[in-house]
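Undergrad: Everything below, folded, please.
(2 chains)
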Amino acid sequence: MAFKKPTPKPGAAINEVTLGVGANAVTLGGESVLPFYSFDGTIPNSPKIGIEVSDLGFADAVPGIAGLYAGISDTAEAAKAAAAVPGVDFVCLRLESADPNGQNRSAEDCAATAKAVSDALGDLKPLVIIGCKNNEKDAQVFDKAAAALEGKNVLFVAAKEENYKTVAASVGLAYNQKVGAESSVDINLAKQLNVLITQMGVSGKNVVMNVGQAAAGYGFEYVYSTIDRIKAAAQNQNDTTLQMPIFTPVSTETWGVKEATASSEDMPDWGDVEARGISMEIQTAVSVLTAGSNAVMLRHPKSIEAVSALITALA
Amino acid sequence: MALKGIDIFKLLPKAHSNCKECGNPTCMAFAMKVAQGAVDITKCPHVSSDVLDKISESNAPPMKSFTVKAGDAEYKLGGETVLFRHEKTYVSKTLYAFSLYGCRTDEENDAVIKEATGVDYNRIGERMYAEFVNVCTHKDEEFVALAQKGASLNRGVILSTHKIELATAAVAAIKDAKPILNGADKDNYEAFSKLASDNGLLLGVNAPTLEEMHELVEKLEALGNKNLILTVDTHDIKTAFEMNVQIRRSALLNKDSQFGYPTLVNVAGLTKGDVNLENALAALFTVKYGSILIFDTMDYAKALALYGLRQNIYTDPQKPMRQEVGIYPLNKGEADSPCFITVDFALTYFVVSGELERSGVPCNLLICDAGGYSVLTSWAAGKFGATSIAKFITEEVEPKLSSRTLVLPGKVAVLKGELQDKLPGWKVLVGPNEAVAVVKFAKELVAA
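TA: Alright, predicted model coming up:
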């Protein structure tokens, strides 16, 4: 009996969500087959890579990351340098300085930074704005930044259970930007948040999910299976409340774990800390993309190069 | 297609109906269990051999499983029943090989051996190291010596050659290592199959396309050899990924028994020495269906992420990973350093120990038996209460540590009073609710 190629039933498509406008626009999602399964059907938009830029800079980072921004003190200039890294599809600006437990910069100042970055990027790459993880402050910052960036079609990460009403109302409804819905590693929580946000009047086609993240080895199986299950519900059961593309900010997790931070003096067997960090970032990113994330955020140019090479090879 | 219970029932001998000799009340009950794979058809003493063959053939698991020798250890390959881990669980973890090459000098191979065998550590109760060594050379005269070098490393050996003379000589030299014979192709398969069968070895089947692979497996099965591993060895990443996925999917979805074998993926052959790309592919083929992956080498940069990934992905979703109960000194914690207690859920352990390490404060992390659940879950289930914590402290901790400062997870602050009563010599404190706040808490604790 000769080999007969399995022909799974074609599934429903993930929503296509475009970030940016004109020459710099990129589109996430659109696929109705499993990630990288181009032998089952066309994948209209391959997974995309965002590069993480912080308004606090990466001065203390490993040489490959710090070196990229050497001599740059201006966030807009840093964003331009980041956008020029080969393999980058969009730029993620983290407004860490807004953190009330840190610099506590005002929402207006943060919005001005976001505007400067957006202007500097121009037609180069689209922009994603990421908050400081303080729900209340993020809502204020996003409101000002969404206004300042009106018409630029920017994704804001994230609207969470605690602040989605404010964030979705300003980002999604008032300024017609893209809403990043963040839940923590549970298909039901992801679904519930999507329902709540769309019930406010935000179109499901303007929502991107962040369903949680972890570094490989740190409870990563929950992230992997959550994404697996969301894709199965979205594609096989045509669950429209889960058909939003997924964005996973990998780098914030992977560069914080012991494997990527312990110095080679402390762990002499382990060798170069930079190589460990790159490997952790690459392997975690490839794994979430293989589960079904439509985009990842990375920090190191070498990681971006390798993940981009793999995406190209599998396209 | 697998037979259903009713089909099996119809095949059972009527003359002995409901004899109960199989231990089941009725033939129907027995048939249902056979269909589910809960009991073996051979438990029926009256079934004819024709029927036996028919039933065992049709109800065979979709993917065969093999036990392979890796030095003193043994590992299982294959036997998977689901395509997604959340459907049930994956059963046989991906195994890894580094390589000895004839194109390297002796010194270069020795350096690789030193680096790769240096990666050997324990992570949540599991030994992490490269279980296999792959041997491959274009210099015929060196093959046997290289195989012997590989066999001396106390791990499984993969003999990668398409030449029967070399394979025969190498197998003779390292027979006891029970190597995987990776080299059967469309031209040599008869001789390779005989060599593998004669020595009880797993045979690696090489073909460039899925169609040719299928055809070659059919030929080998016709020779009576069902002791196979399918080798994915191309220079094209897309082809390799498609082959590896389709082999597994055909086996599980289409019940294509010719593809019901584990796969051996030559990752090194896809990367041309690009270590970052190799790490990317290592993750890809670990989460998607590779049974053994061949790399150029194994170093800590690859291993730390990859073994963590593998441990996560191959965890049974119904059984949480557990950290061993005990006392874990952190930042050179001494017997009089403060104690932080938490549960044995592996994820909790990792997060809390990571934060404590970040604080730089010498301390002891106490891991208490809580059934492998998170703090609140185990507390709610009565597995992480004042009585069990006090028992653990008095029996396990007091004899070993002189410290009498105990920090509780903030989420079980309610236990403080009762615990203080049960542990009169101790100063019981309530820590933060979330692990991220541990750094600040620990620093303030020692500063106070």
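Undergrad: which SS state does the residue in the stretch 201-315 of chain A that chain B sits nearest to fall under?
TA: Proximity of the stretch 201-315 of chain A to chain B (C-beta to the nearest C-beta) peaks at residue A:217, 2.0 Å away. C-betas here are computed from N, CA, C, even on glycine. Following DSSP: H, G, I helix; E, B strand; the rest coil, we place residue A:217 in the coil state.
Undergrad: Tell me, how many residues neighbour the residue in chain B positioned nearest to chain A?
TA: In chain B, the residue found nearest to chain A is residue B:308; the distance is 2.0 Å by C-beta to the nearest C-beta. Residue B:308: 24 surrounding residues under other C-beta atoms under 10 Å in any protein chain shown.
Undergrad: Now do the contacts for residue 99.
TA: I went with chain A, as the question did not name one. A:132-134, A:137 (C-beta atoms under 8 Å, 6 or more residues apart in numbering or on different chains).
Undergrad: let's do chain B instead
TA: Per C-beta under 8 Å, 6+ apart, neighbours of residue B:99: B:112, B:133-136, B:268, B:294-297.
Undergrad: before we move on, the earlier item: Serialize the contacts of residue A:99 to CSV and add fields for distance to chain B, neighbour count and secondary structure.
TA: Formatted as CSV, the contacts of residue A:99 follow (distance: C-beta to the nearest C-beta, whole Å; neighbours: other C-beta atoms under 10 Å in any protein chain shown; DSSP: H, G, I helix; E, B strand; the rest coil):
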residue, distance to chain B, neighbour count, secondary structure
A:132, 14, 23, coil
A:133, 10, 17, coil
A:134, 12, 17, coil
A:137, 16, 22, helix
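Undergrad: Any idea which of those the model trusts least?
TA: Model confidence across those bottoms out at residue A:133, which has 90.
Undergrad: can you pull the contacts of it?
TA: residue A:99.
Undergrad: The residue of the stretch 201-315 of chain A closest to chain B reaches residue B:305, doesn't it?
TA: Yes. The pair residue A:217 / residue B:305 is scored as a contact, 6.9 Å apart, by C-beta atoms under 8 Å.
Undergrad: more neighbours, those two?
TA: When residue A:217 and residue B:305 are compared for neighbours, residue B:305 comes out ahead with 31 against 27, by other C-beta under 10 Å.
Undergrad: what does the stretch 51-200 of chain A have sitting close to chain B?
TA: Neighbours of chain B within the stretch 51-200 of chain A, by C-beta under 8 Å from any C-beta of the partner chain: none found.
Undergrad: what ranges do the strands span in the stretch 51-200 of chain A?
TA: A:90-94, A:127-130, A:155-159, A:178-182 (DSSP state E, counting those that start in this stretch).
Undergrad: just checking, what packs against the third one?
TA: Contact partners of strand A:155-159 among helices and strands, from 3 or more C-beta pairs under 8 Å, 6 or more residues apart in numbering or on different chains; DSSP states H and E: strand A:127-130, helix A:135-148, helix A:164-167, strand A:178-182, strand A:207-210.
Undergrad: any idea how far it is from the chain center?
TA: A distance of 9 Å separates the centroid of the chain from that of strand A:155-159, by C-alpha atoms, centre = their mean, to the nearest Å.
Undergrad: Which secondary structure state does residue A:225 sit in?
TA: Residue A:225 is classified as helix under three-state DSSP.
Undergrad: so it sits right up against residue B:318, yeah?
TA: No. In this structure residue A:225 lies outside contact range of residue B:318 using C-beta under 8 Å: 11.9 Å.
Undergrad: Give me the more crowded residue out of these two.
TA: residue A:225 (20 against 7).
Undergrad: what's the burial count for the nearest residue to that one once chain neighbours are set aside?
TA: Excluding the flanking residues, the one nearest residue A:225 by C-beta to C-beta, 6 or more residues apart in numbering or on different chains is residue B:86, at 4.2 Å. Look at residue B:86: counted by other C-beta under 10 Å, it has 16 neighbours.
Undergrad: Surely residue B:86 touches residue A:228?
TA: Yes. Residue B:86 is within contact range of residue A:228, at 5.8 Å (criterion: C-beta under 8 Å).
Undergrad: Quick check: residues of the stretch 101-250 of chain B near chain A?
TA: So the stretch 101-250 of chain B meets chain A at B:118, B:123, B:210-211, B:213-215, B:218, B:236-238, B:241-242, B:245-246, B:249-250 (C-beta under 8 Å from any C-beta).
Undergrad: swap the cut-off to 10 Å and go again
TA: Within the stretch 101-250 of chain B, the residues that sit near chain A (C-beta under 10 Å from any C-beta of the partner chain) are B:115, B:118-121, B:123-124, B:209-215, B:217-218, B:236-243, B:245-250.
Undergrad: what about burial for those residues, which qualify?
TA: For these, a burial check counting by 16 or more other C-beta atoms under 10 Å in any protein chain shown picks out B:119, B:123-124, B:210, B:213-215, B:217, B:237-243, B:245-250.
Undergrad: Please enumerate the strands of the stretch 201-350 of chain B.
TA: B:203-206, B:228-232, B:263-266, B:292-294, B:326-330, B:339-343.
Undergrad: Same list (those strands) but as TSV, adding mean pLDDT.
TA: Shown next, in TSV, are these (pLDDT from 0 to 100):
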stretch	mean pLDDT
strand B:203-206	98
strand B:228-232	98
strand B:263-266	98
strand B:292-294	98
strand B:326-330	94
strand B:339-343	96
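Undergrad: Minimum distance to residue B:28: which of these has it?
TA: Closest approach to residue B:28 among the strands of the stretch 201-350 of chain B is made by strand B:228-232 (36.8 Å; C-beta to C-beta).
Undergrad: in its sheet, what does that closest one sit against?
TA: strand B:203-206 (parallel), strand B:263-266 (parallel) (DSSP bridges).
Undergrad: quick one: the closest residue to residue A:35 other than its chain neighbours from residue A:309, how far?
TA: Among residues not flanking residue A:35 along the chain, residue A:292 sits closest, at 5.0 Å (C-beta to C-beta, 6+ apart). Residue A:292 sits 20 Å away from residue A:309 when distances are taken as C-beta to C-beta, to the nearest Å.
Undergrad: Thanks again, I'm all set now.
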